[in-house]
Every structure is written in structure tokens, then in C-alpha cells.
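In: Kindly return the folded structure for what I paste below:
(chains A and B)
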Amino acid sequence: MGQVAAATIAAKRHLSLARVLATSFREYHPDIPFFVILADEVDGYFDPAQEPFELVRLSEVGLPNLPRVLFQYRQQELTYAATPYVLAHLLDRGFGSVCFFKQESLVLGALTSVLESVSEHSITLTPHLLAPLVGADRHERETNILQSGVYNVGFLGVSGSATARTFLSWWQDRVYRHCRHSVPQGMHYEQRWLDLVPAFFEDFHVVRDPGFNVGHWNLPERATTVIDHRCRFFRFSGFDPEHPLEVTRYSSRLGMAELGSAAELFNRYHELLEQAGYHETKKWPYAYDYFDNGKPIPELARDLYWNLAEDVERFGDPFRTGGPNSFFDWLNTESGVAPESQPTE
Amino acid sequence: MAKLAIGTVVAKNYLPFARVLAESLRRYHPEIPFFVALADEVNGYFDPTAEPFHTVTLADLGIPELKRFTFHYSRQPLVVATKSYLLSYLLDRGFETAIFLDADILVLGNLDALFAIARAHAILLTPHLLAPLTGDDRSPRELNILLAGTYNGGFLTVSDTAPARAFLDWWQDRLYDHCLHALDRGMHYDQHWLDFVPVYFNGVHILRDPTYNVAYWSLPERNPYLPEDQSALPQPCRFFHFSGFDPEQPPAVTRYSPRLTMANVGPAVSLFDRYANLLKAAGFYVCKHWPSAYGFFDNGVAIPQIARRIYRNLGDSVARFGDPFDAGGSDSFFRWLNYPIDTGAHPSLTVTNLWKVIYDQRRDVQIAFPNVLTDHRAAFVNWAGSSGVKEMSVPRDFVPPEWKL
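Out: Residues are numbered from 1 along each chain as shown, chains lettered A, B, ... in the order given. Got it, this is the predicted structure:
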């Protein structure tokens, strides 16, 4: 069993979340290196040497044709699409196994048994739900999970086995272009792809510990694991410190009142974020929101670029605005198709 | 040796498929009882005692509020939802292992090895795909599987254990009114629900053997298991699943995808040819016209999809209607659909419950007629009687006779 690495991925506006996660992880596992992969540029906003983690630049993790990926995806999509590349990169560095954590989460106890599972199995996954739901909203809650994927990427582990490598190569290939939120097309970022893992790969392990990867989708059922301190990993998916009384922006189903004393964990997390510079970092710009002439990239331009698929190779670096054959110029070129005549009043 | 049974579900227009499956199974396993649940009524169209299988009626299956269940769905989803009840029924009859096969499956070899695996596990599922695809269309093909569900609902097995019973209870509950094709809501009939099974229940075996349940979605990858010479028996492929195949559309392999046709499907082409002939010999052209018993109200009016949807969405409150097929009663669902939502409007501007629900579901119609009960009432009624009836496939029986159209 080789050495374990832990990692998350964040844009710098979410640096405070990564700080809180890294610090909470190191409290229980000080011997395991924790990496934060910056899906962004530092641009002088912070000093990586002062952070409670080891910073890795996105350019180090081997995304093919990086400018294309940075342009075709929005910030959240990019952060998620980088996941399998980050895992492979850390294996390439010589780690025996790698644990990935989503940035908006908190380690609340020693993860020893999960870390063992990760080193013993090629792929370790955590499901959103461990048992059928009950209650009048059981269908709606379960079909919501079917839309986003049975397994949650709040946590995912890989070992350095050949199967794990094959899995990562496959996942990389699929999310390189298909890491978007498009439920009617079977896509939910990087996560929905994992529903194929039990069919494609042997030696995957499903963590069935109700105190591991607790989040709004398995609340209030698992609130007791927080209350009696069995919860060792909590994911604050959709929690917005600007609206600290709401559990998640993704669902109005739950209020803090339904969580009982587990709601105190949200207060604690909120305080940790504030101490970690939440209000400062949230204003930091995302480096890939602008063409190189400083103009903001419209959402529509990203979608057009994505739709062009392999055809975008002819533009070279899509952020470039000077010189011939830029995507920027192409956007501003007359299409050659006559505009539809406007109806007259 | 534990007792084992195999079953399928059909409406009577698919009877030839069940006959062909029964005969193909009997060739290799005459000792295994084969049950066909009829998600329909016989209504004199055929003689169940003359068929090569044991016929089970919906009434035998212990489905709660059966009239309500049969009203929820049109023919295909009703057939699909029924399988979860058939499996419990077979376990209740004392079979220790029950195997479901879709009616459009053809057995091509001995299944003893499969039976042994089925007996050893509470639940057995087969994935559509067993390995990452290659080729330019790898992502769209895999995304299609993600929409449909990782595991194929056309073949599964259960053994009478606590996890299998818990699985069937859960699946029945979900399929009772959520056996829908609604990809944007995460549903693909019975099938996408199965993605939860390996997580929810213990004793689940994912059968990753390429010789079972071969179908268009796993071709050409599984061509090596389909020999060129179909007369060579037994074949490596133990059973083939002709999902979406229509013997009357010969160039198409399946109605669900244009990717493969008889011209490029490879060695399976002779299998499709053989299967088409078997279906025709088993009465395909006769049975395909047989109507579903649950397609009409008891006054003969065809039940529109929108009426089934409204009924499903009403949930337990439908108890007040009694039998939903009964059009005549004073509290009938049929009458409720045609009941005006308000009084005081001129009869020619009557808006019924049915049309109000359609309005509430159609964002585009709301935008066109925002003040539907006042200023835009006449325009909405005009749209409903002209375009609405066509767009929503609503029979004329749901158009108020006072409308001036």
C-alpha cells in the first residue's frame, strides 16, 4: 500500500472553502498531503506558500489542449471536469491511492476505514442514498437523484490499479466534452457518468457508512449521525453563506428546523468560512471569464464554441483576440446568411 | 434443486412474441414452468388453455386497486409496470427463484449455468454495456444508456430472500404510478429505477457475461458471440433480445435507434430474419390488431393520454370517482373531465376541468391567453376546439357541444 494523497479542486473565489476543507482534513490526517488544484489563475491574489495545502496548477494535470477546455466550460463545469485528470495526475506523482473531496465539505472525524477501502479497491464510490426513501415525496426525491446520478462525487477514491487507470482514462474522455448540466441528454456534469461504473469495471467499492458524505439529499434521514457524532464527512452542497438559514439552494424541501441540532453544524461551517476569508475571496475574479483584450466572454459564446466541437481547432487559443482567425473575430464576422426580414409595424 | 419459474408480460397484441419465447425456452428447458401475465383481458380473442404457457391474469397478481392501476398507463407502460408484480406472484406461488424475460427475447441455448447463478443471488441484473465503448459515437451511445438506465429491464432474476422481497416492494411502489418515459425527470419506465438496486439492496449480482441478453445496444461489440451460421446450435449467445424490433419495418433493427439497420447489423441479420419468420408463423399479423382492453371508457370513448396523466397526478383523491373506466356514473372521472370549472359564462364559452388542466400544463398556451377566464376566454376556447384537440390528441367527446367551432 503506497502513500495516500487527498485533493480538491477550486476556483480562487472558493479558496476559503478549500482552506476550511484542507484544515479539517489535516486535523485528523496530518500525515497525508492535501492538494488543492486551482481551476483558475493565482494572479497575485494570494500567496500559495502561506496556504494550509499544496497548490497544483491546472496546467500541471495534463488536460489536453487546455485553452479549449478553459473556454468551452463555465467555472463550475471546468472545476468538475478536471476531477479525473487530477486523480490520474496524483497517481502519476507516485501516490498509491488518491481521495477526492468536493470543495464545499468538512471532515469531522478520522477517515481511516474509508482510506483503507480506497487503497484496497480500484474505485471507491459513495451513493447519495443507501436505502429506499419513505414519505409522500419519495418518488420526487429519488427521481431527482436519478437525474443527477446514483453516486455522489462529494467523495471518490481510486487506487493505482490497472482497473482504476482504465476507469480514469474513460472518465477523462467522456468529461472532456460532456461535463455539462443537461438532464434530458443524460448529463449531470461529471457525476452522472459514474452510473456506468458498476457495469464497466470490476473491483469498485460502495461506501455504505451513513456518517460518510452526508448532504441535503440524505437529510433529514441522516441528521442523527451529526447529532451523535458518527458523521465523519459532511458535504454542504448548495449551502450559501449569504443565506445561512437555507440548507441548500438546490432544494426548498429542507429547512434548518427539520435538521434539529444538526443545524448547528451549518453555523459552525459558516463561522469557519468567515474565518478563512470567505468575504474576501468570494470577490476574486475568475481568470477565464475574459478574452485577452479584457472583454467578458458571454455565456452564448461558450455554448457556440462547445457546439463547434473539433472544428474549434482552427481558432487556436480561443481567448486570443489579436491576429487572424481568432474565435473572437469569427463571432463578429457577418454570417453571410441574409437576416430574416423584420416584420413592419 | 430449488424450484424455478420464468415469466413474461404481454398485452394480447404481443401474444405471438410470448408464444415464440415459450417455444424457444421449451426446446432447451421443457422442465421449467413458463408463465405469461396478460396485462390486458382475453375478451374471447384467444384460448389461454391452448397456449404453450400458463396464463396469469392481472387479477391474479394482487395489484392494489387494479382498476386504478390499469387506468394509469397506456399499453406499453402497463405491460412494463406489471413485471414487478409478476415476480412477487411467482415467489408467492412457491418458486424459490423467478426469472423475468421480456417477451421479445429468443432463447438460443441451454441456460443451466444461468439458473445456477440466479439461485445463488437475491437479485441478478444485466447491464446494457459491459465495457466502455470505442468509436466516434461512444459518448452519445453511452449517454443514451444513461438516459435509459445502466441495467436492462428486459431480464432480471429474484430469489425468495428478504432483500429480493424488499426490492420488489420498492419497485412496485415506484412503478405503480411512476413507470413513465420522462427523461427530463429521470424516468425511463421501469428501467432507470434499477440503477438504485446495487446500492439499496444486498445480494445483488451484476452479471457481466456477454452471452446473455444480447441486443442492438451492445452490437457490434458482441458480434463475436453471434456466429455467422445461425443453424449452428447451441450458440455462444444464450438468448437474444429483439428490443424495438418490428417485423413490418424490415430495414430497421429497432424503433429506438437509427444507428443499426439490417444492412450494417452484421451476423445478427440472419437472427432477425429467423425471428421475423417465427413471429409470423405464431400469428403476428392476426394478433397485432387486437385492442388493449384498457384503451377505452366503458362508453367506447378512447382514453386520451392527457386523461391518464391527470388521473395519475390526482393521487389518492381519485377514490371519489370509483371505477375510472365507468363513464356513466354521476361522480365518474369521465364526467369530471367534462365538468365546467365555473358558472355564469355563456355556454359557448364553457371551460371544462380537462381543458383547464391542459391550460395549466401548457406554458405556451398560458402566454398566448393570459386572462383565460375573462378577456381571452373566447380565444382560448377557439384554440382548444381547433388546434388543442389535435395537439393533445383529445377525442371530440371532450369538446363541449355548446362550443361554436
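In: What values do phi and psi take at residue A:161?
Out: phi -70, psi 160 (degrees, to the nearest 10).
In: Quick one: residues contacting it.
Out: A:122, A:203 (C-beta atoms under 8 Å, 6 or more residues apart in numbering or on different chains). From N, CA and C alone the C-beta is placed, and that goes for glycine too.
In: Distance of it relative to residue A:174?
Out: Using C-beta to C-beta, to the nearest Å, residue A:161 is found at 20 Å from residue A:174.
In: mind giving me the domain ranges of chain B?
Out: Domain segmentation of chain B under automatic domain parsing yields B:4-287, B:305-398.
In: what's residue 165 in contact with, if anything?
Out: Looking at chain A here, since you left the chain open. So residue A:165 contacts A:88, A:91 (C-beta under 8 Å, 6+ apart).
In: The chain in question should be chain B.
Out: So residue B:165 contacts B:88, B:91 (C-beta under 8 Å, 6+ apart).
In: Please repeat the previous calculation with a cut-off of 7 Å.
Out: For residue B:165, the contact set (C-beta atoms under 7 Å, 6 or more residues apart in numbering or on different chains) is empty.
In: What pLDDT does the model give it?
Out: Note for residue B:165: predicted pLDDT of 98.
In: next one: the one 10 residues further on
Out: Listed pLDDT for residue B:175 reads 98.
In: which residue packs closest to it, ignoring adjacent ones?
Out: Spatial nearest neighbour of residue B:175, chain neighbours left out: residue B:81 (4.1 Å); criterion: C-beta to C-beta, 6 or more residues apart in numbering or on different chains.
In: and the residue of the stretch 251-400 of chain B nearest chain A?
Out: Using C-beta to the nearest C-beta, the closest approach of the stretch 251-400 of chain B to chain A is made by residue B:315 at 8.9 Å.
In: Burial check on that residue, number of neighbours?
Out: By the measure other C-beta atoms under 10 Å in any protein chain shown, the count of residues near residue B:315 is 10.
In: separation between it and residue B:305?
Out: 18 Å.
In: Please name the bridge partners of the residue of the stretch 201-350 of chain B found nearest chain A.
Out: At 5.7 Å from chain A, residue B:206 is the closest residue in the stretch 201-350 of chain B, using C-beta to the nearest C-beta. Here residue B:206 sits in beta bridges with residue B:125, going by DSSP bridges.
In: neighbours around it, how many?
Out: When neighbours are counted by other C-beta under 10 Å, residue B:206 comes out with 18.
In: Might you report the residue contacts of it?
Out: A:198-199, B:125, B:127, B:198.
In: Now the host helix or strand of residue B:355: average pLDDT?
Out: Assigned by DSSP states H and E, residue B:355 belongs to helix B:353-361. The average pLDDT for helix B:353-361 rounds to 96.
In: Could you list the residues in contact with that helix?
Out: B:306, B:310, B:336-339, B:341, B:365-366, B:372, B:380, B:384, B:388, B:392, B:398.
In: distance between it and the chain's centre?
Out: Computed by C-alpha atoms, centre = their mean, to the nearest Å, the chain-centroid distance of helix B:353-361 equals 27 Å.
In: How about it, which residues are buried there?
Out: Neighbour-count burial for helix B:353-361, counted by 16 or more other C-beta atoms under 10 Å in any protein chain shown, picks out B:353-359.
In: Quick one: these as a markdown table, columns for distance to residue B:172 too.
Out: Formatted as a markdown table, those follow (distance: C-beta to C-beta, whole Å):
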| residue | distance to residue B:172 |
| --- | --- |
| B:353 | 30 |
| B:354 | 30 |
| B:355 | 34 |
| B:356 | 32 |
| B:357 | 27 |
| B:358 | 30 |
| B:359 | 34 |
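In: tell me the pLDDT at the residue in the stretch 151-300 of chain B positioned nearest to chain A?
Out: Going by C-beta to the nearest C-beta, chain A is nearest to residue B:186 of the stretch 151-300 of chain B, at 3.3 Å. Here, the pLDDT recorded for residue B:186 equals 97.
In: Tell me how many other residues crowd the closest residue in space to it that isn't next to it in sequence.
Out: Excluding the flanking residues, the one nearest residue B:186 by C-beta to C-beta, 6+ apart is residue A:146, at 3.3 Å. Applying other C-beta under 10 Å, we find 23 residues neighbouring residue A:146.
In: cool, and residue A:47?
Out: Neighbours around residue A:47, by other C-beta under 10 Å: 9.
In: same deal with residue A:325?
Out: Residue A:325 is flanked by 10 other residues according to other C-beta under 10 Å.
In: try the one 5 residues further on
Out: Residue neighbour count, defined by other C-beta under 10 Å, stands at 16 for residue A:330.
In: residue boundaries of the helices in the stretch 201-350 of chain B?
Out: Counting by DSSP state H, counting those that start in this stretch, the stretch 201-350 of chain B has helices at residues B:268-281, B:284-287, B:305-313, B:333-337.
In: Residue A:80: which of those is closest?
Out: helix B:305-313 (34.3 Å; C-beta to C-beta).
In: That closest one to helix B:353-361, inter-axis angle?
Out: 80 degrees (axes from the mean of the first three to the mean of the last three C-alpha atoms, to 10 degrees).
In: Name the residues that touch helix B:305-313?
Out: Helix B:305-313 is contacted by residues B:71-74, B:177, B:318, B:324, B:333, B:337, B:357-358, B:392-394 when judged by C-beta under 7 Å, 6+ apart.
In: Can you tell me which of those residues are buried?
Out: Among these, those classed as buried by neighbour count (16+ other C-beta under 10 Å) are B:71-73, B:177, B:318, B:324, B:333, B:337, B:357-358, B:392, B:394.
In: Widest-spaced pair of the residues you listed?
Out: B:177 and B:394 (21.8 Å).
In: Quick check, residue B:370 in contact with residue B:376.
Out: Yes - with contact defined as C-beta atoms under 7 Å, residue B:370 counts as touching residue B:376 (6.5 Å).
In: what about those two, which has more around it?
Out: Neighbour count, other C-beta under 10 Å: between residue B:370 and residue B:376, residue B:376 has more, with 17 against 11.
In: How about the backbone phi and psi for the closest residue to the more buried one other than its chain neighbours?
Out: Leaving aside its chain neighbours, residue B:376 sits nearest to residue B:369 (3.8 Å; criterion: C-beta to C-beta, 6+ apart). According to degrees, to the nearest 10, the main-chain angles of residue B:369 amount to phi -130, psi 70.
In: Going by neighbour count, which residues of stretch A:72-91 are buried?
Out: In terms of neighbour count (16+ other C-beta under 10 Å), stretch A:72-91 has its buried residues at A:72-75, A:77-91.
In: Count the residues that sit near residue A:67.
Out: Residue A:67: 16 surrounding residues under other C-beta under 10 Å.
In: Spell out the secondary structure type for it.
Out: helix (DSSP: H, G, I helix; E, B strand; the rest coil).
In: got a pLDDT number for the residue in the stretch 1-150 of chain A that chain B sits nearest to?
Out: In the stretch 1-150 of chain A, the residue that lies nearest chain B is residue A:146 (3.3 Å; C-beta to the nearest C-beta). Looking at residue A:146, its pLDDT stands at 98.
In: Who are the contact partners of the residue nearest to residue B:52 when sequence neighbours are not counted?
Out: Nearest non-adjacent residue to residue B:52, counting by C-beta to C-beta, 6+ apart: residue B:22, 4.4 Å away. Residue B:22 is in contact with B:34, B:52-53, counting by C-beta under 7 Å, 6+ apart.
In: Tabulate those residues (JSON lines), appending pLDDT, neighbour count and secondary structure.
Out: Putting the contacts of residue B:22 into JSON lines (pLDDT from 0 to 100; neighbours: other C-beta atoms under 10 Å in any protein chain shown; DSSP: H, G, I helix; E, B strand; the rest coil) gives the following:
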{"residue": "B:34", "pLDDT": "98", "neighbour count": "21", "secondary structure": "strand"}
{"residue": "B:52", "pLDDT": "97", "neighbour count": "15", "secondary structure": "coil"}
{"residue": "B:53", "pLDDT": "98", "neighbour count": "21", "secondary structure": "coil"}
